[in-house]
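Asks: model this:
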Amino acid sequence: MTSNLRIVLSRVARLWLLALAVCSGAVAQDQPLKINYRLAMPQPNSHLFEVSLEVEAPAASNIESLDFQMAKWSPGRYAVFDFAKNVQEFQAAAGICPPQSRCDQAMRPVTRVDDQTWRVPFMNSPSLTIRYKVFANDLSGTFSKLDSRHANFNGGNIFMYVVNHKQNPVTLSIDPPKNWRIVNGRMDRASQSEWHLPNWDIMTDTPTEISPDWTEDNFNVDGKTYHVVVHSLGPEGGKRRALVRDIEKIVKAETAMWGPPEFDSYTFLIHFANDGHSGDGMEHLTSTQIIQPGTLADPGMLENTLDTVAHEFFHVWNVKRLRPIELGPWDFTRPVNTRGLWIAEGITNYYGHLMLRRAGLWNDAELWTRLVAQITEVENAPGSRLMSAEESSLSAPFIDDAPHAQQTNLVYTSISYYPKGEVVGLALDLLIRGRTNGRASLDDVMRRMYEDFYLKSPNATYYLRGRGYRPEDFERVVSEVAGADMGDFFKRYVRGVESPPYDEAFAQVGLRLVSEPRQPVSIGISADESDTANLKIGRVRPNSPAAAAGWDAGDKILSVGGLRITATNFLKIVARYKPGDRVNATLQRGARTIQTTIVMGEPQLMNYRIEEIKEASSEAMKLRAAWLSGKVVSSFEFRVSSLRFRGGLMPACGVRWEAERNTALD
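Replies: Coordinates of the predicted model:
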């Protein structure tokens, strides 16, 4: 052995010992703690939840201090809300004092480390009690509310976690006001007020309603119990029975696709807030929370609720169990970044609508209407030509109901992964059905993903069974199920910004998508709806005729072509022109009057509709029936003809394709 080698090995040994010491310290720091949360609400009108967090360290631990952290955001809603802003009166004491007991607890100093973190030293005490209050006055799937009518909380914005100890088991005890009852998706008995949960993540995944007047109806499907809990702050119009009946139909349709879920019971926690503004839906492992702004008696409210139910219940499998690799466990100190929300949310949106048809709650025309609405949103959005499905997923912290203090241009540069993912999922489903002669579909892709990544994969973390997937995994499974390389599809329509191949996809099931201009010309503005007396410009689309003419947000349009403009006659007057026409227009900008000339542009906004192809082949009709019912196409000789369209060949299932022309309006 040379001297140089001895020196190298000596350095390696020292580094190894140093690493061992560091790791040993980390292990000691991360030794499991005994953690108990207590939640009280003694003055509901104050909107203040009172939280106690009791922590006991192992007898032999050498933990000097603990950090307590409030999350910046919560799963399912990916915008950053900084929940710590509603925390007040944080304090710490040595030891644990049981409720309704008198204890002489020594106060501990508290250091505010950053905007979301509080540090508390043990100072030779084996345990600590943390107390703080949280202001809560928003009923939603993300926030919490406490008032004289009820308490409703989502744990992510109420309960701090102990840094490096989210994985430890926790106990939650709730002390409700007198005569208020507790309900959530993890009830073992009617009068339950304490829960033993495997970790902080599961606790915060359990939204809870506490009030004197919620009601419950139950049903069973395949040995599983489903609870429909309704908190109505207004009349129901005798529609409760229909609500429960139709939710059961949705459950049967979705479990028919996926198979029996792994839970024993599930809770639909539904609020009819009757306040005109509260509305949300949020998925959880054994429950969903749905908030509607009106009453169950309102026209269309039952249908809207069922639409949300179909989406949220599909999340039982897609998102809450089958999940992108970034979705759990999470780092709540920074926004989540995943390319997979177009799968997690967009494809769930697609199936939520399809399941209403499979459940018999919609007919074909109702499904076509909803699919067309999604296509219209995507195709008419300028941001859809700039932002791909994967980029939209990565932009979730900006576009998922995110608050913005500054003005943004996101309305023209972004597209939501909900409709974007839905139209991609629709195209994928129909193309797979066509390419496999109905032997496979997107249903098979989703079941295969669930089995491979959730049911059969070794547990990757403490959080849930299995492991998360990457977008490349989804692409691979799609190709395997389709029996063809789908890489070009993902390159163009998922990572790229091309419109999905609607023509080819719909042709597989004997349908076609028809489009026509909404107006004969385009200008490129949206109105400021706050000004009802004038036509005031709210936004100007980049690279539009209005932008080229120098129009700007805040301008009032006084006249076009010499005719006085109002908020009601603008579209009618503009419809007199054709693309390329040069038209004089008068604007008011502040105190100034401006004369401009605008060159009318080609139509940008389109109306769409889905039509049945009357000459569709029997094979295409069988594919359509299987798609809408969720059943596999029976064995038959699948005749495929090649049809030339737009300069290319397309397998058309014996369907005659007729090109549609956009005809300008008179």
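Asks: now Asp115: how far from Pro397?
Replies: In this view, Asp115 and Pro397 are 16 Å apart by C-beta to C-beta, to the nearest Å. Every residue, glycine included, has its C-beta placed from N, CA and C.
Asks: Which one's more surrounded, those two?
Replies: Pro397 (16 against 11; other C-beta atoms under 10 Å).
Asks: so after whichever strand or helix holds that one, what's the next helix or strand?
Replies: Using DSSP states H and E, Pro397 sits within helix 396-399. Note on helix 396-399: by DSSP H and E, the next helix or strand toward the C-terminus is helix 410-413.
Asks: how about the CA coordinates for that following helix, as CSV?
Replies: Extracted in CSV, the C-alpha atoms of helix 410-413 (Å, rounded to 0.1, in the frame of the first residue of the first chain):
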residue,chain,number,x,y,z
LEU,A,410,-52.8,34.6,-18.2
VAL,A,411,-56.2,34.8,-19.9
TYR,A,412,-54.4,35.0,-23.2
THR,A,413,-51.3,32.8,-22.4
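Asks: average pLDDT for that helix?
Replies: Average pLDDT, helix 410-413: 95.
Asks: Name the residues of that helix that are buried.
Replies: Residues Tyr412, Thr413 are the ones in helix 410-413 that count as buried (16 or more other C-beta atoms under 10 Å).
Asks: when you give positions from now on, start the count at 41
Replies: Sure, I'll start counting at 41 from here, so that last one is helix 450-453.
Asks: to the chain's geometric centre, what's the distance from it?
Replies: When distances are taken as C-alpha atoms, centre = their mean, to the nearest Å, helix 450-453 is centred 19 Å away from the chain's centroid.
Asks: who touches the stretch of helix or strand Glu249 belongs to?
Replies: In the assignment (DSSP H and E), Glu249 maps to strand 248-251. The contact list for strand 248-251, computed with C-beta atoms under 8 Å, 6 or more residues apart in numbering, reads 81, 189-193, 214, 216-217, 220-224, 269, 271, 309, 311.
Asks: Can I get that strand in CSV, CA atoms only?
Replies: C-alpha atoms of strand 248-251 as CSV (Å, rounded to 0.1, in the frame of the first residue of the first chain):
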residue,chain,number,x,y,z
THR,A,248,-65.2,17.4,8.8
GLU,A,249,-68.6,19.1,9.3
ILE,A,250,-69.8,20.0,12.8
SER,A,251,-73.3,21.4,13.1
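Asks: Run the chain-centre distance for the helix holding Pro437.
Replies: 11 Å.
Asks: Check stretch 599-618 too.
Replies: 40 Å.
Asks: what does stretch 631-646 give?
Replies: That offset, for stretch 631-646, works out to 37 Å (C-alpha atoms, centre = their mean).
Asks: Tell me which residues of that stretch come out buried.
Replies: Ile634, Thr636, Ile638, Met640, Gly641, Pro643, Gln644, Met646.
Asks: and which of the residues you listed is nearest to Val673?
Replies: Proximity of the buried residues of stretch 631-646 to Val673 (C-beta to C-beta) peaks at Met646, which lies at 32.6 Å.
Asks: and that closest one, what does it touch?
Replies: Thr416, Glu419, Asn420, Ser555, Glu556, Pro557, Arg558, Asn702.
Asks: What distance do you get for the second one to Arg425?
Replies: For Glu419, the distance to Arg425 equals 9 Å [C-beta to C-beta].
Asks: neighbour-wise, which of these two wins?
Replies: Neighbour count, other C-beta under 10 Å: between Glu419 and Arg425, Glu419 has more, with 19 against 14.
Asks: show me the contacts for the more buried one.
Replies: Ser539, Ser555, Met646, Tyr648.
Asks: which of those residues tops the neighbour count?
Replies: Tyr648 (19 neighbours).
Asks: Spell out the secondary structure type for that residue.
Replies: Classification of Tyr648 by DSSP: H, G, I helix; E, B strand; the rest coil places it in strand.
Asks: what's the answer for Cys137, then?
Replies: Per three-state DSSP, Cys137 ends up coil.
Asks: Isn't it up against Gln145?
Replies: Yes - the pair formed by Cys137 and Gln145 meets the contact definition of C-beta atoms under 8 Å, at 5.7 Å.
Asks: distance between the ends of stretch 297-305?
Replies: 19 Å (C-alpha to C-alpha, to the nearest Å).
Asks: wait, doesn't Trp667 sit right on Ser481?
Replies: Yes - with contacts counted by C-beta under 8 Å, Trp667 reaches Ser481, the gap being 7.2 Å.
Asks: what residues do these two have in common as contacts?
Replies: Asp469, Arg473.
Asks: What segments of the stretch 291-440 of the chain are helices?
Replies: 341-354, 381, 388-398, 404-419, 429-434, 436-439 (DSSP state H, counting those that start in this stretch).
Asks: Can you redo the ones you listed as CSV, where the extra columns are mean pLDDT and distance to Ser318?
Replies: CSV is the format used below for the helices of the stretch 291-440 of the chain (pLDDT from 0 to 100; distance: least, C-beta to C-beta, whole Å):
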stretch, mean pLDDT, distance to Ser318
helix 341-354, 98, 13
helix 381, 98, 24
helix 388-398, 98, 21
helix 404-419, 98, 23
helix 429-434, 98, 26
helix 436-439, 96, 21
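Asks: Out of the ones you listed, which is the most enclosed?
Replies: Stretch with highest mean neighbour count among the helices of the stretch 291-440 of the chain: helix 381 (a mean of 29; mean count of other C-beta atoms under 10 Å).
Asks: Quick check: the gap between Arg152 and Gly196.
Replies: On the measure of C-beta to C-beta, Arg152 and Gly196 end up 20 Å apart.
Asks: Looking only at neighbour counts, state which of these two leads.
Replies: Using other C-beta under 10 Å, the more surrounded residue of Arg152 and Gly196 is Gly196, with 28 against 11.
Asks: Now do the SS call for that one.
Replies: helix.
Asks: Enumerate every residue touching it.
Replies: Gly196 neighbours (C-beta under 8 Å, 6+ apart): Ala111, Trp113, Ser114, Pro115, Phe123, Thr182, Thr244, Phe372.
Asks: hang on, the third one packs against Asn194?
Replies: Yes - contact between Ser114 and Asn194 holds when scored by C-beta under 8 Å: they sit 6.5 Å apart.
Asks: Which residues are in contact with each of those two?
Replies: With C-beta under 8 Å, 6+ apart as the test, Ser114 and Asn194 both reach Thr182, Thr244.
Asks: Which one's more surrounded, the two?
Replies: Counted by other C-beta under 10 Å, Ser114 and Asn194 do not tie: Asn194 has more neighbours, with 29 against 22.
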